[in-house]
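A.B. asks: What follows is a predicted protein model with its sequence.
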Protein chains: 2
Amino acid sequence: MNREKYTLLTKWLGFYLTLCASVAVAQMPQRTPTPNDTLKSPKVLDDKRVVIQIYAPKATDVMVGGDFASGKPMPLTKNDQGVWSVTLGPLKPDYYTYTLSVDGVRTMDPKNPVIKQGISSLENVMAVPGPETAFEDNRAVPHGEVREVWYSSNTLGMMRRMHVYTPPGYEKGNTKYPVFYLLHGGGDDDSGWNSVGRAGFILDNLIAAGKAKPMIVVMPNGSMPMPATSGMPDMNMMNRMRDLFASELLKDVMPFAEKNYRILTNAENRAIAGLSMGGFQTLDVTLTRPELFNYVGVFSSGFFGASADEADTKYAKVLNDPNFNKGKKLFWVGIGKEDFVMESNKKTLSLLDKHNIKYQYKETEGGHTWINWRQYLNEYAPLLFR
Amino acid sequence: MNREKYTLLTKWLGFYLTLCASVAVAQMPQRTPTPNDTLKSPKVLDDKRVVIQIYAPKATDVMVGGDFASGKPMPLTKNDQGVWSVTLGPLKPDYYTYTLSVDGVRTMDPKNPVIKQGISSLENVMAVPGPETAFEDNRAVPHGEVREVWYSSNTLGMMRRMHVYTPPGYEKGNTKYPVFYLLHGGGDDDSGWNSVGRAGFILDNLIAAGKAKPMIVVMPNGSMPMPATSGMPDMNMMNRMRDLFASELLKDVMPFAEKNYRILTNAENRAIAGLSMGGFQTLDVTLTRPELFNYVGVFSSGFFGASADEADTKYAKVLNDPNFNKGKKLFWVGIGKEDFVMESNKKTLSLLDKHNIKYQYKETEGGHTWINWRQYLNEYAPLLFR
């Protein structure tokens, strides 16, 4: 299948049949052809370099930022046709996010409809193909379902959404499954792990290969709304958001999931993990209710800022519990060497060390990126429920 | 809940905790504050006018197009701070799509993360609230699930995705349900009816009010890939795509759905409807395999272009079948008075009239927009399986 031709043809058909859903585009005034009409971006070259291009003849300054090249924004250069371009890499095969800035205006690549949605902003996503991405690719293996599920949250007094992965065979069977609560980071919502995080595909591939046990993965929305207040948020507000999440998870998300899905409800069959803010939430829940989860994962996280100093006191009871390690079959911590939350991570590990809490620690290359979080999920999930 | 404050606080927390997933933004060089920092767009005023704004101090020409104001692009004007703005409306409460153009560059509103994804482009979505949208709002009623389901298509030789709506109570029950195959238009994919089409919420609300029977809604991907060819697509290729879709629906989508969900499999419990390209596909399937669906809906569609002239011959057998009307409990056709496919619609109705095929016809205000398609779904679904 020639993907470029497919796209072209699909576009052409939309036009020919006058079926284009985009009235805005369909009804733009007629104009002479421009280089934009045939422009392709991103363009992945055979040597894994990637060309990002945008037609912006009037612009004077175009940049691209993303989770390649250490995240440093890079300038594009303009040709005499008004097309700006930059060649990245070669990049290791993976899925990358990026955003353009055109004369200071944050701009989605008009030629790339693949995006990651956050709660307050968008980013483009591009794939650099190669054997390295097999673990996260959409392959011809049995697929589970990913469900968008709305429920009424008592804690928050509003309708809330979670994403739920059910493994292949769930729909036609009647057995119960272990459950894994998987938490996203700040700025994202419950769709993050399934879109840019590719959690469904990663689980499908692991289960198909016999590397992970079939499990249900519950992905709640960890971004807490806040009541209106005056002034700037302070530490009290942060604590309140942390506690709100714990309440939402324990009193709404888990009971709803256990009521509506065939879930095993003992600690041996319950795992939790989160990235960044979700890792902080995971630590909080684990050190408050240690009896709930026998498997704990903390990705690129730790107690942030002032919370690190308070943690020793706040969680004293659990930290000093001599039986804590017995109740954990796995306490997995992973972070990239260049991660900008490394200091919080280190402080948190010191705290765990001080209290003789055992954990499995992995330091990888790279920083605070989905590239690492997908890898961590791929390493963590096979260790669960063994 | 003060939504603006919520957004602000969430953003601030993302920053404070250094948890922002967007490395691109997080690592942009420090700079002095700009009006962009506190800009809000879209801003819905109390009188239902909507202000769309973008900070683009270097730009010389900014436009917005969308499914308001007859789809005509409108210019924004710049203030001395570099903020461009336009005030729309008052707009009738509904969900609208729009896209900005900044110096000719298609631009998603940087302040609005709510979007509609097509197969080749994005659009922003904004809500103008009011009692008129109650039928399509996310309300505190029991919600069904919307599932992303991947399957292996024999017809297309690739993994394909469908969205499946299961009604409230499906997960815990064991009864079988009638099934409604709901097709999107050109440029969209199987996610369209659930995102901008709000099909899940519309069905939830109808079912909660007792206005529609609980049903399963299968939303396949109707955008067909094409094998690589040389030259421009022609009529043969169009026919091939039409036939590919029919094959995919009948040999892959329907058998998969019937195998994996508790679906009643007789014609009395089977409905189909589609908008635009999906309406064309609905007509093709209905006039080829009339025994399959007792309920048929055609939204803003018809036989397009040359296909109208061929239809009388191609579908002669079914068009001339004296029992056709007996096999249809509902043949519903809806279109907006300003729809640019009105001529195809009229030609198609003439063809049906010529062959004494009975249908229920509704002409509404407006054009070829999701505003109409959500209304049509809300009118059509209650008529099914009666």
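C.D. replies: Received it, and whenever you're ready, just let me know what you need. Here the structure is a predicted model, which means the values were calculated and not measured.

A.B. asks: contacting residues for residue A:39?
C.D. replies: A:53-55, A:83, A:111 (Cβ atoms under 8 Å, 6 or more residues apart in numbering or on different chains). All C-beta spots, glycine's among them, are computed from the backbone N, C-alpha and C.

A.B. asks: Please produce CSV containing the residues you listed, extended by pLDDT and distance to chain B.
C.D. replies: Output for the contacts of residue A:39, formatted as CSV (pLDDT from 0 to 100; distance: Cβ to the nearest Cβ, whole Å):
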residue, pLDDT, distance to chain B
A:53, 97, 12
A:54, 97, 7
A:55, 97, 7
A:83, 97, 11
A:111, 95, 8
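
A.B. asks: from those, which two are the most distant?
C.D. replies: Using Cβ to Cβ, the pair of the contacts of residue A:39 lying farthest apart is A:83 and A:111, separated by 11.0 Å.

A.B. asks: which residues are in contact with both of these two?
C.D. replies: Common contact partners of residue A:83 and residue A:111 (Cβ under 8 Å, 6+ apart): A:39, A:53-54.

A.B. asks: Which ones among these map onto strands?
C.D. replies: When the shared contacts of residue A:83 and residue A:111 are checked against strands (DSSP state E), the matches are A:53-54.

A.B. asks: for the shared contacts of residue A:83 and residue A:111, which one is nearest residue A:221?
C.D. replies: Distance ranking of the shared contacts of residue A:83 and residue A:111 against residue A:221, using Cβ to Cβ, places residue A:54 first at 32.8 Å.

A.B. asks: Show me what the closest one is bridged to.
C.D. replies: In this structure, residue A:54 bridges to residue A:84 when assessed by DSSP bridges.

A.B. asks: and it, what does it touch?
C.D. replies: Here residue A:54 is in contact with A:39, A:41, A:62, A:76, A:83-85, A:100, A:102, A:107, A:109-111, B:105 (Cβ under 8 Å, 6+ apart).

A.B. asks: Chain A - how does it break down into domains?
C.D. replies: For chain A, automatic domain parsing gives the domain ranges A:1-30, A:36-125, A:136-227+A:235-383.

A.B. asks: Output those domains as JSON lines; include the columns distance to residue B:268.
C.D. replies: JSON lines is the format used below for the domains of chain A (distance: least, Cβ to Cβ, whole Å):
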{"stretch": "domain A:1-30", "distance to residue B:268": "31"}
{"stretch": "domain A:36-125", "distance to residue B:268": "39"}
{"stretch": "domain A:136-227+A:235-383", "distance to residue B:268": "24"}
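
A.B. asks: Check those for me: which has the lowest mean pLDDT.
C.D. replies: Among the domains of chain A, domain A:1-30 carries the lowest mean pLDDT, a mean of 39.

A.B. asks: Up against chain B, what does the stretch 151-300 of chain A have?
C.D. replies: Contact residues (Cβ under 8 Å from any Cβ of the partner chain) of the stretch 151-300 of chain A with chain B: A:151-152, A:158-159, A:164, A:171-172, A:185-188, A:192, A:194, A:200, A:223-229, A:232-233, A:237-238, A:241, A:260-261, A:276-277, A:280.

A.B. asks: Could you rerun that using 6 Å?
C.D. replies: For the stretch 151-300 of chain A, the residues in contact with chain B (Cβ under 6 Å from any Cβ of the partner chain) are A:152, A:159, A:171, A:185-188, A:223, A:225-226, A:228, A:233, A:260, A:276-277.

A.B. asks: ok, of the residues you listed, which one's closest to residue B:145?
C.D. replies: Using Cβ to Cβ, residue A:260 comes nearest to residue B:145 of those, at 9.0 Å.

A.B. asks: phi, psi of that closest one?
C.D. replies: With angles defined as degrees, to the nearest 10, residue A:260 sits at phi -100, psi -10.

A.B. asks: Report the spatially nearest residue to it, omitting neighbours in sequence.
C.D. replies: For residue A:260, ignoring the flanking residues on the chain, the nearest one in space by Cβ to Cβ, 6 or more residues apart in numbering or on different chains is residue B:171 at 5.5 Å.

A.B. asks: Can you give me the neighbour number for the one you found?
C.D. replies: Neighbouring residues of residue B:171 were enumerated by other Cβ atoms under 10 Å in any protein chain shown; the total is 18.

A.B. asks: Any idea how far stretch A:90-103 is from the middle of the chain?
C.D. replies: Mean C-alpha position of stretch A:90-103 versus that of the full chain (Cα atoms, centre = their mean, to the nearest Å) differs by 16 Å.

A.B. asks: and for it, what are the contacting residues?
C.D. replies: Stretch A:90-103 is contacted from outside by A:47-50, A:54, A:56, A:59, A:61-68, A:107, A:109, A:116, A:123-130, A:132-133, A:371, B:24, B:58, B:105, using Cβ atoms under 6 Å, 6 or more residues apart in numbering or on different chains.

A.B. asks: Restricting to C-alpha, output that stretch in PDB.
C.D. replies: Provided in PDB are the C-alpha atoms of stretch A:90-103 (Å, rounded to 0.1, in the frame of the first residue of the first chain):
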ATOM      1  CA  PRO A  90      18.600  10.500  11.800                       C
ATOM      2  CA  LEU A  91      16.100   9.600  14.500                       C
ATOM      3  CA  LYS A  92      15.800   6.300  16.300                       C
ATOM      4  CA  PRO A  93      12.600   4.600  15.200                       C
ATOM      5  CA  ASP A  94       9.800   5.700  17.500                       C
ATOM      6  CA  TYR A  95       6.700   7.900  17.800                       C
ATOM      7  CA  TYR A  96       7.700  11.600  18.300                       C
ATOM      8  CA  THR A  97       5.700  14.600  19.300                       C
ATOM      9  CA  TYR A  98       6.400  18.100  17.900                       C
ATOM     10  CA  THR A  99       4.900  21.600  17.500                       C
ATOM     11  CA  LEU A 100       5.700  24.400  15.100                       C
ATOM     12  CA  SER A 101       5.900  28.000  16.000                       C
ATOM     13  CA  VAL A 102       5.300  30.400  13.000                       C
ATOM     14  CA  ASP A 103       6.200  34.000  13.900                       C
END
